[in-house]
Every structure is written in C-alpha cells, then in structure tokens.
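S.K.: Pasting the sequence and the predicted coordinates here, then a few questions.
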Amino acid sequence: MTDVIVVEGVRKRYGDKHALDGLDLSVGRGTVHGVLGPNGAGKTTLVRILATLLRPDEGRVEVAGHDVRTDAHEVRFRIGLLGQHAALDEELGGRQNLEMFGRLYHLGARRARVRADALLERFGLADTGRKAVKQYSGGMRRRLDLAASLITEPEVLFLDEPTTGLDPRGRAEVWDAVRSLVGGGTTVLLTTQYLEEADQLADRISVVDRGQVIADGTADELKAKTGGDRIDVVLHDAGQLGAAVALLPFDKATLSVDTDRRLLSAPVTDRMTALAGAVRALEEAGIEAEDIALRRPTLDEVFLHLTGKPEEAA
Amino acid sequence: MSTSLSWAVTDSWTMTRRELAHWARQPFQVFVGLAFPVMLLLMFGYLMGGGSGISGDYREYLVPGMFALTMAFGLDATMVAVTQDLNKGVIDRFRSMPMAVGAVLVGRSAADMLQSALSLVVLVGVGLAVGWTWHGSFAAFLGALGLLLLLRFAMLWMGIHLAMVAGKPELVVTVQILVWPVSFLSNAFATPESMPGWLGATVEWNPMSATATAVRDLFGNEGGAASTSWAAEHAQLLAVLWPLALIAVFFPLAVRRFGALSK
C-alpha cells in the first residue's frame, strides 16, 4: 500500500512553544486516518502544514507525492480542506461560493456552474437559493464547507475537527458524508477530540499529545495496548466502595472509582479468574453488587493510560 | 509562463467579481460609502462657512480639497476590508487552492479603485451642484482626476500593508482615528498661511496637501498658488512623487507580508 501522506520529524515552533515537536505520521491510500488529541496537542497545526497554509520549521511533509514546501502548488490541486471554522464567503450564497471556488480551480464558468449544482444537490442545499451563508444553520454551513472541499474530487481530504459544535444530527450527516467519500477512494485525515468519532470513522488512529504521536494503530490495537479488558463493578450502596476497593484482588494503582455511578473499574489480565474472584469476595463480605461486567476499554481510558492525565476536553 | 499569467488574470477577475457580488448584496453600504464624502463636503461647504485664509469663493478652494480628502480616507476603507477578509475562514480556502497568490489583493485593489472612481464622479457632480467648477482644459481636468486616483492607489497599498500588520479589527480602529488628524493637517480646508508657521510648514509637506494643491492648479481653482514655498510651487511634482514613493515602499511590503501568512 502506498502512503499518500508522509510526515517525518516535523517541528513547528511559535515563540518558545513547540506546537509540533518531531511528529511522524504516514497514511495509506484510500484509508481514513484519525488524529486524536486534546486541545493544544498540535492537531490544527498539523492540518495547516499538510494543507500548505503553514510552513514547517523542520522535517519532511509529502502529500499525494509532492513536498508541501517546494511543491505547494501541486499539492493544492490534490487536496480539500475542511477547517474548524467555515472557509466560506459568508456574504454570498451557497451557489455563488461554489461557483467562485470552481472558477478558481479553473473549471471554466460552465463546468463550475454544473459542479456547484451537483454538489448543492448532493448535500441537500439545492433549495437555498440566494440566501447568504451567514444566515445558514451550523449544519448547513458545514455541509456547504464540505461541498467546497470536494469541488475537484480531491485525492486527499483534511478534516479538522469536522463535527465540533454540531448537534448529533449534524454530526451524523458529516459522518455519513465521510464514509461515502472513502467508498469513492478518497484518503481522509481527520482530527478530533471525540474518541467516539475516531473509533467510528478511522481505520487507523494516531494519538497526539504535545506535538508528538504518543501511540498509533487501529482502535482495537490501541485498546489492547493499554492492558486489554477491564472489569466494572457497580455496587448497590456507594458507601461500600471503599470496603470493596480494599477487598477486591485488583491492582490499586490502576483501579478507578466513580462515586456518582457507584462504579469501581479495573484492568484485568485473566478475565474469568477476575470475574469469579470479584463475585466470591463481594459475596463473602456481604457487599451487594448491582452489576458486574467485563468489557473492552474505552478510548477515554486509552488516552488516560497513554498520557497519564485525563482527556481534557471530554 | 503565459499560462500562469493568464491564470493570474483569470483569478484576479474572479476575485474582483467577488467584491462586486458583495456590492450587489449590500447596496445600502455602497450608498453610505458614496454618501459619506458628499456629507462632509456639504457640511464643510455650508455649516463651517469660509475656511481660514481664503479670499475668494471658499467652495472653489474646498471642493478639490474634499476630493483629496476622500482619496486619503480610502486608507481606512481598505484597511477595514482587508482586516475583515483576513480574519475570515475563507482566506484559508483561497490559500489552500491552486490560485494565483496575489489575486486576493488584486481583487481588493480593483474593487477599491472602482469604488473611489465612482466616489469621485459623485463628488464632481455634487461639486458642480454647489457652484464649484473647473476653469482649465478638459485634459487638465482628467489629469487632476488621475492624480487623485494615484493618491488613492498609494493609500490602497499602505492600507493593505497596515491592515496585515495590525491584524485585528480592534487595532484598525486606532488607525481609523489617526486618519482624521493627519487628513486635517493638510490644506484641504484652510491655507497653510493661516496657520502658525511650524504647523503651516508641516501641512505643506503632507502628501494630501500636495495632491490638493496640484488639482487646484489643474482645475484652475483659487488658492492654488497662494503660497510661495518650495512644496507649494512644486505641488504637481510632489503629487506624483509622494504617492509613487508610498507605493514603492508599501507595495512590496504588502506582497511580502501576504506571502508570509504561512510563517
């Protein structure tokens, strides 16, 4: 499989703050790659460098076979960008925006018009008429923004937190659009703070913190890396959580307690031994459990495990 | 090379059309933009009565000064437009597209120059209506309009550069306020002779004064050659050199600054 995005040892400094501090990444053709990390991890800086908006201080960055520094013009023919803020002319209407971008891609007036109509139709914006974009709802704006990123059917599409600020319906719409794109062979790099989003959409995930990739792999691989399965014990009475922690045969250092949910959660190595041990110990001590279950870790726990701190924006 | 040139022309035209589409969307703003200098002209012409140091008809003196003032105030209009544009997400899309780098700036300047030319046409009309007229040849009249637009073109590139340096709309307000005293420290409303010596001398060297004096000469309006200072006697030369000098400084700075947005 050929890599469409290659990032090697990229650094970008603002003053004495390293936004990117030796970041490496590679993305295979036709895949969706999730870049997951908290606010300030360097996700947006990475996307802006990939989309030729920002020059890296150091390192190699290639998109669709072209260097973003020396060959930015060639890169720009092959990419689409959906940034965090709508990259649209808010004073103009949807069709006016798409036609303008089409002409700037030198489709010619007639093809730009045809393409604009097709995209408006596809994203459910055909009936917006002359309405200015500033009067659009958040979801409509995002859809138009996505349509604008797809005018030339780009080889590589960058989505920077594509669903931040959208309601669940708007989010579902964007997810559907991304899935249908990948079916068409587009390579997608998306950044997100939503663990669920990376899990849902991405073939592979790079977890980024402080300008570096601290882990990568498929969602399953990342979950496996953090110690595999966990056991959740929900007690009837939150007052007994302390007694249960003292009693249960789990590692105190990695165990977590959520008093509101009367929940005690711990990583386990041997599933059945842990389950049987927990049931027996609680029964003998007369502590009543509402639920005991084994499960795979969530990406929140993956992040906590990898960075040693809670995922900030979650 | 010819391809990239034709692309640059096409892109610049697309960006100019974008600005014209904005006009079509906001006819009221366009109207206000054209009405503001007319309002100033009427205010100074009627409310303030005669300016200091003018022996003849004040409007003969004032109207060309207002032309120059309107061109200078274009600095403010350009800065506001550029700052608004740069703080919008759409600039990111432009910059991530394979379009000619300078087309955004060319579109801006084409629209601003067109707006200023329109504004001059309106002001000439209002000037004629309030009793001002030109006494020289038609060629001299056109030459005067050319000098005014040259000043506007200099203000345009100065505005683009300052807007990019300022960056945020809040800082633009500072420049907007400063435009007033700097514009009034000119001979638009009053002759330098009527001012204290040091102030008059400063005023004569204001680029706006050079343009105002030069167009008064070309229009054959009164008060044009009242002063015998070097600056006043060489007003036409200065009215060409001042804007050219400003363009020579700010055009490359603005283009470089725009290219450095990726830093």
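M.R.: Now that the structure is in, tell me what you want to look at.
S.K.: If you drop the residues flanking it in sequence, what lies closest to the residue positioned nearest the centre of chain A?
M.R.: Geometric centre of chain A, nearest residue: residue A:192, 2.9 Å, by CA atoms, centre = their mean. By the measure of CB to CB, 6 or more residues apart in numbering or on different chains, the closest residue to residue A:192 outside its immediate chain neighbours is residue A:198, 5.4 Å from it. The C-beta positions use only the backbone N, C-alpha and C, and glycine is treated the same way.
S.K.: My guess is that neighbour contacts residue A:36. True?
M.R.: Yes. Under the criterion of CB atoms under 8 Å, residue A:198 makes contact with residue A:36 at 4.7 Å.
S.K.: Can you pull the residues of the stretch 51-200 of chain A lying near chain B?
M.R.: Proximity of the stretch 51-200 of chain A to chain B is assessed by CB under 8 Å from any CB of the partner chain, with A:51-55, A:73, A:76-77, A:79, A:81, A:83, A:85-92, A:96, A:100-101, A:103-106, A:132, A:148 identified as the residues in range.
S.K.: Buried members of those into ChimeraX, please.
M.R.: Isolation of the buried members of these (16 or more other CB atoms under 10 Å in any protein chain shown) is achieved in ChimeraX through the command below:
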select /A:51,52,53,54,76,79,81,83,85,86,87,88,89,91,92,96,100,101,103,104,105,106,132,148
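S.K.: Sort out for me which of the residues of the stretch 51-200 of chain A next to chain B are in helices.
M.R.: The helices, defined by DSSP state H, take in A:73, A:76, A:77, A:96, A:100, A:101, A:103, A:104, A:148 from those.
S.K.: check contacts around the last one.
M.R.: Contacts of residue A:148 were listed using CB atoms under 8 Å, 6 or more residues apart in numbering or on different chains, and they are A:87, A:88, A:97, A:98, A:101, A:119, B:93.
S.K.: any idea how far chain A is from the residue positioned nearest the centre of chain B?
M.R.: The centre of chain B sits closest to residue B:71, judged by CA atoms, centre = their mean, with a distance of 2.5 Å. Distance check for residue B:71 against chain A: by CB to the nearest CB, to the nearest Å, it reads 26 Å.
S.K.: quick one: that residue and residue B:148 touch, right?
M.R.: Yes. Under the criterion of CB under 8 Å, residue B:71 lies in contact with residue B:148, with a separation of 5.2 Å.
S.K.: Spit out the residues that contact these two alike.
M.R.: The overlap between the contact sets of residue B:71 and residue B:148 (CB under 8 Å, 6+ apart) consists of residue B:211.
S.K.: mean confidence score for stretch A:234-248?
M.R.: Confidence over stretch A:234-248 (mean pLDDT, whole number) is 87.
S.K.: Actually, stretch A:273-285.
M.R.: Averaging pLDDT along stretch A:273-285 yields 88.
S.K.: rewinding a little: okay, and the residue nearest to the centre of chain B sits in which element?
M.R.: For residue B:71, the element it lies in under DSSP states H and E is helix B:58-86.
S.K.: which parts of that helix are buried?
M.R.: B:58-83, B:85-86.
S.K.: Contacts only, for residue B:14.
M.R.: Counting by CB under 8 Å, 6+ apart, residue B:14 has contacts A:100, A:103, A:104, B:99, B:103, B:107.
S.K.: Pull out the buried residues from stretch B:115-135.
M.R.: Of the residues in stretch B:115-135, those buried by neighbour count under the rule 16+ other CB under 10 Å are B:115, B:116, B:119, B:120, B:122, B:123, B:124, B:126, B:127, B:132, B:134.
S.K.: The fourth one is in contact with residue B:67, isn't it?
M.R.: What that stands for is residue B:120. Yes. With contacts counted by CB under 8 Å, residue B:120 reaches residue B:67, the gap being 6.5 Å.
S.K.: Can you check which residues contact both of these two?
M.R.: The contact lists of residue B:120 and residue B:67 share residue B:148, where a contact means CB under 8 Å, 6+ apart.
S.K.: So residue A:101 versus residue A:267, what's the distance?
M.R.: Here the criterion is CB to CB, to the nearest Å. By it, residue A:101 lies 50 Å from residue A:267.
S.K.: whoops, I mixed them up, residue B:36
M.R.: The span separating residue B:36 from residue A:267 equals 70 Å under the rule CB to CB.
S.K.: Looking at those two now, which is surrounded by more residues?
M.R.: For residue B:36 versus residue A:267, neighbours defined as other CB atoms under 10 Å in any protein chain shown are more numerous around residue A:267 (19 against 14).
S.K.: where does the more buried one land on pLDDT?
M.R.: At residue A:267, the pLDDT value in this model is 82.
S.K.: One more: residue B:1?
M.R.: Predicted confidence (pLDDT) for residue B:1: 46.
S.K.: One more: the one 5 residues further on?
M.R.: Taken from the predicted model, the pLDDT recorded for residue B:6 is 89.
S.K.: What of the one 5 residues further on?
M.R.: Looking at residue B:11, its pLDDT stands at 95.
S.K.: Kindly report the same for residue A:260.
M.R.: With respect to pLDDT, residue A:260 has a value of 88.
S.K.: What about residue A:22, how many residues nearby?
M.R.: By the other CB under 10 Å criterion, the neighbourhood of residue A:22 contains 14 residues.
S.K.: Which strand or helix spans it?
M.R.: When secondary structure is defined using DSSP H and E, the element that contains residue A:22 is strand A:17-28.
S.K.: which residues touch the helix or strand that that strand is followed by?
M.R.: For strand A:17-28, the following helix or strand on the C-terminal side (DSSP H and E) is strand A:32-36. For strand A:32-36, the surrounding residues in contact (CB under 8 Å, 6+ apart) are A:5, A:25, A:27, A:43, A:46-47, A:178, A:182, A:187-193, A:195, A:197-198, A:201-208, A:299, A:303.
S.K.: taking the mean pLDDT, what do you get for strand A:32-36?
M.R.: Averaged across strand A:32-36, the pLDDT comes to 95.
S.K.: Now do that strand and strand A:17-28, the angle between them.
M.R.: 160 degrees (axes from the mean of the first three to the mean of the last three CA atoms, to 10 degrees).
S.K.: Tell me which stretches of the stretch 201-314 of chain A form strands.
M.R.: For the stretch 201-314 of chain A, applying DSSP state E, counting those that start in this stretch gives strands covering A:204-209, A:212-217, A:230-235, A:256-258, A:263-267, A:289-295.
S.K.: now for the ones you listed, which one comes closest to residue B:24?
M.R.: For residue B:24, the closest of the strands of the stretch 201-314 of chain A is strand A:204-209, at 44.5 Å, according to CB to CB.
S.K.: what's the closest one packed up against?
M.R.: Helices and strands touching strand A:204-209, by 3 or more CB pairs under 8 Å, 6 or more residues apart in numbering or on different chains; DSSP states H and E, are strand A:17-28, strand A:32-36, strand A:212-217, helix A:219-225, helix A:299-307.
S.K.: tally of neighbours for residue 160?
M.R.: Because you didn't say which chain, this covers chain A. By other CB under 10 Å, 23 other residues sit near residue A:160.
S.K.: I was thinking of chain B, sorry if that wasn't clear
M.R.: Around residue B:160 sit 29 other residues, with neighbours defined as other CB under 10 Å.
S.K.: now the one 10 residues further on
M.R.: Using other CB under 10 Å, residue B:170 is surrounded by 9 other residues.
S.K.: Good, we can wrap up now.
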